[in-house]
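> here is the input, now give the coordinates:
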Amino acid sequence: MSIKPLLLKLIAFKTWANQDLFPLVISLHETSQAQERHNATRVLNHIYVVDKIFHGNLQGLAHGYTGLNTAETPALVDLFEAQQTADQWLETYVRGLGDAELAEEVAFTFVDGKAGRMTRAEMLMHLITHGGYHRGAVGRILFQAGVQPPPETLTTFMHRAL
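Numbering: from 1, shown residues only. The predicted structure follows:
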């Protein structure tokens, strides 16, 4: 059995979760909820940076990042647009892979300089689970700011898709 259909479903879930979450963070008031907005943006930027690092790793290309976040905090609307582009890239990339390529081990270097080696499928699962973990932290920030976070579960995604 191919893992590719499952990966594509999980990537679609990741995209859906980002599209639900970003507008809620954008809705935080720029003045009265400035700290919450900033904190959530930093976490979302970290997710994006790690996505881009692994996009490079998946292709065996230099990604240009020296850390797991950027020194500057991007504008939230720009980050949302960039994340949507990154999510679309990921789906397109996986659609073009065969089972042998998903199972192929790829050597890379972590930003701390340590050597890494993972299959492409493992890297993709890392992006899926990593983003979910950190979106949960953003959900907590939203909740503390008085905003109900979206229900980010695979079952909710699959139910809404029916």
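> quick one: residue 108 is in a strand?
Yes: under DSSP: H, G, I helix; E, B strand; the rest coil, residue 108 falls within a strand.
> which ones are touching it?
Contact partners of residue 108, counting by C-beta atoms under 8 Å, 6 or more residues apart in numbering, are 56, 57, 60, 115, 116, 117, 118. Where C-beta positions appear, they are placed from N, C-alpha and C, glycine not excepted.
> please produce a markdown table containing these, extended by secondary structure, distance to residue 68 and neighbour count.
Output for these, formatted as a markdown table (DSSP: H, G, I helix; E, B strand; the rest coil; distance: C-beta to C-beta, whole Å; neighbours: other C-beta atoms under 10 Å):
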| residue | secondary structure | distance to residue 68 | neighbour count |
| --- | --- | --- | --- |
| 56 | helix | 14 | 14 |
| 57 | helix | 13 | 21 |
| 60 | coil | 20 | 9 |
| 115 | strand | 17 | 8 |
| 116 | strand | 14 | 12 |
| 117 | strand | 19 | 9 |
| 118 | strand | 17 | 17 |
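> now do the helices in this structure.
Using DSSP state H, the helices assigned to the chain run over residues 4-26, 34-59, 76-95, 99-103, 120-144, 154-161.
> nice, that's everything, thank you.
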